[in-house]
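Novice: Need coordinates for the following:
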Amino acid sequence: MSTETPGPGPEEGPTVRRQPTTGALLRTLYGHRDAVNTVAFSPDGSIFASGSVDRQVRLWQASDGAHLRTLTGHENGVQVVAFSPDGSTIASGGVDFTLRLWRVSDGTHLQTLAAASHNDTVRAAAFSPNGSTIASGATDWT
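Specialist: Numbering: from 1, shown residues only. Presented below is the predicted three-dimensional model:
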């Protein structure tokens, strides 16, 4: 029998973490109000990010699932999240054709890289190993 209090229900868009070698359920994280499209761990594994159709990026403490903060600003669903190699910045991209950069420590929005580079949904993002460059891909074939 579980000692965890169940979340608000499936309408809250749960984020599920599983143990990779066995597939055992570790925890279900509740908070999103729609489907979760993307997840990523920080490089040191201490923070877990999730992006959703609800236009939010949520940051969670990986050790216990505690909600740390919610990043808001996308005008439509979030399709991708990626941490910088040092874990200080997170990139999020989505259906609003933008790639947004955020400071992980306090959730401050740092920059929006807008439609000049993509004319459709941003679906991929990755930082270079030294963190000096970010690459993104969209459904406009760019």
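Novice: Asp34 against Arg58, yeah?
Specialist: No: applying Cβ atoms under 8 Å, one finds Asp34 not in contact with Arg58, separated by 11.9 Å. In this view, the C-beta of every residue, glycine as well, is placed from N, C-alpha and C.
Novice: so what's in contact with those two at the same time?
Specialist: With contacts taken as Cβ atoms under 8 Å, 6 or more residues apart in numbering, Asp34 and Arg58 have Ser52 as neighbours in common.
Novice: out of the two, which sits in the more crowded spot?
Specialist: Arg58 (25 against 14; other Cβ atoms under 10 Å).
Novice: Quick check: that one touching Ser50?
Specialist: Yes: if you go by Cβ under 8 Å, Arg58 and Ser50 touch, sitting 5.1 Å apart.
Novice: got the contact list for Asp96?
Specialist: Contacts of Asp96 by Cβ under 8 Å, 6+ apart are 74-76.
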